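Participant: Sequence first, then the predicted structure:
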Amino acid sequence: MWHDLNELLTFDNVMWVIFGDFNEVRFANERKNTIFIERRAELFNDFIKKNNLLDIPLGGRIYTRISNNGVQFSKLDRFLVSENFIHQWPNINAMVFDKKHTDHCPIILRDGNTDFGPKPIKVFDEWINHKDARDIILKAWDKRVSSWKPDLEQLTKAIIDWELKAESNDLTEEQMLKWVADKEQLILKEKNQLEMLKQKARFKWALEGDENSKFFHSFIQRRQQKNNIHGVYVNGLWSTNPSDIKSEAHNFFKKL
């Protein structure tokens with residue numbers, strides 16, 4: 001089956017969503033009271049890795065297949081999506097519903113832009129009481145802070161303008177120097193932005209040769225999709241309400 005799917009997934013520029021009962025698990029903890037065969041799991045994981053697919057985390061239930069006698073549990077059903085699908089719908093989430101007439105639980109994939117509101121910022125009294133706090137704050141407040149994106153867009157447009165001018169008219173020496181300076185500045189800013197993306201992606205190694213921001217953007221989106229909390233159990237019921245999620249998280253850490 002994996003060979004046939006590999007052949008199918010060779011088509012370029014196609015968004016893929018592969019879902020349903022794969023009759024396989026990826027890890028040992030996805031089976032309970034059933035036999036876990038490591039080699040079969042390796043083949044399944046190799047298929048996912050080879051095709052750059054993302055396994056969407058399932059909320060609501062841990063397992064998707066429950067034997068009729070209520071003893072054996074397995075996570076056999078899932079959604080595997082391509083990277084360009086995540087780029088198009090970065091806020092997708094999946095959920096498992098209670099089973100009724102079969103031994104499999106129904107699963108659903110949906111696009112949900114959950115708004116948790118602004119992130120809280122904490123300021124410790126010790127910082128404010130520091131003798132240099134006032135001067136540091138005033139100095140930082142007066143400092144101009146610019147975003148990388150507008151700068152990059154402006155430089156890119158400037159270089160295109162220089163190229164258009166050079167196509168129809170000879171540039172002066174002063175204009176040529178400005179053109180070269182803009183290109184050097186763009187290269188520097190792109191390099192700085194790439195370093196920021198690498199740090200945000202939390203890479204522990206360096207890539208050589210074909211570094212590009214698209215790769216790191218993709219990795220960041222994968223990590224965010226994996227780490228996102230799309231829902232929690234509240235009094236035994238699955239909830240995707242942001243207020244419920246924040247309240248449960250607060251109560252959890254408060255109890256610790």
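Facilitator: Sure, I can see it. Residues are numbered from 1 along each chain as shown.
Participant: When you work out contacts or count neighbours from here on, use the C-alpha atoms and nothing else.
Facilitator: Noted.
Participant: Strands of the stretch 101-250 of the chain, start to end?
Facilitator: Assigned strands in the stretch 101-250 of the chain, in chain order: 107-111, 232-234, 237-239 (criterion: DSSP state E, counting those that start in this stretch).
Participant: Make TSV out of those and add distance to Gly70 and mean neighbour count.
Facilitator: Written out in TSV, the entries for the strands of the stretch 101-250 of the chain read as follows (distance: least, CA to CA, whole Å; neighbours: other CA atoms under 10 Å):
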stretch	distance to Gly70	mean neighbour count
strand 107-111	19	15
strand 232-234	21	16
strand 237-239	20	14
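Participant: Tabulate those (CSV), appending distance to Leu58.
Facilitator: Putting those into CSV (distance: least, CA to CA, whole Å) gives the following:
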stretch, distance to Leu58
strand 107-111, 8
strand 232-234, 11
strand 237-239, 12
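Participant: max-length helix in the protein?
Facilitator: Of all segments of type helix in the chain, defined using DSSP state H, the longest is helix 173-201.
Participant: Could you pull up the mean pLDDT of that helix?
Facilitator: Rounded to a whole number, the mean pLDDT of helix 173-201 is 81.
Participant: Following the chain onward from the helix or strand where Arg39 lies, which element is next?
Facilitator: According to DSSP states H and E, Arg39 maps onto helix 38-50. Secondary structure here is assigned by DSSP H and E; on that basis, the next helix or strand after helix 38-50 toward the C-terminus is strand 54-55.
Participant: Within the sheet, what are the partner strands of the very next helix or strand once past that following strand, with directions?
Facilitator: Elements were assigned by DSSP H and E; along the chain past strand 54-55, the next helix or strand is strand 58-59. Paired strands of strand 58-59, with direction, are strand 92-96 (parallel) (DSSP bridges).
Participant: Show me how the protein divides into domains.
Facilitator: Following automatic domain parsing, one gets these domains for the chain: 2-114, 148-210.
Participant: Could you dump those domains into CSV with distance to Asp132 added?
Facilitator: Below are these laid out as CSV (distance: least, CA to CA, whole Å):
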stretch, distance to Asp132
domain 2-114, 40
domain 148-210, 29
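Participant: closest to Ala140 out of the ones you listed?
Facilitator: Nearest to Ala140 among the domains of the chain is domain 148-210; the distance by CA to CA comes to 18.3 Å.
Participant: Please verify my assumption that Arg40 contacts Asn23.
Facilitator: No: shown here, Arg40 and Asn23 do not form a contact pair, counting by CA atoms under 8 Å, at 10.3 Å.
Participant: In terms of packing, which of these two has more residues around it?
Facilitator: Here Arg40 and Asn23 are set side by side on neighbour count (other CA atoms under 10 Å), and the busier one is Arg40, at 13 against 10.
Participant: and the more buried one, what is it in contact with?
Facilitator: If you count contacts by CA atoms under 8 Å, 6 or more residues apart in numbering, Arg40 has them with Glu24.
Participant: Could you measure from it over to Asn33?
Facilitator: Computed as CA to CA, to the nearest Å, the Arg40 to Asn33 distance reads 17 Å.
Participant: now do Ile137
Facilitator: To Asn33, Ile137 is 59 Å away according to CA to CA.
Participant: what residue ranges in this protein score low on pLDDT?
Facilitator: Where the chain drops to pLDDT under 70, the residues are 113-115, 145-150, 197-227.
Participant: can you give me the end-to-end distance of stretch 66-73?
Facilitator: Calculated as CA to CA, the first-to-last residue distance of stretch 66-73 is 5 Å.
Participant: what's in contact with that stretch?
Facilitator: When contacts are defined by CA under 8 Å, 6+ apart, stretch 66-73 is touched by residues 30-34, 63-65, 74, 103-105.
Participant: Just the buried residues of it, please?
Facilitator: Going by neighbour count (16 or more other CA atoms under 10 Å), the buried part of stretch 66-73 is 66, 73.
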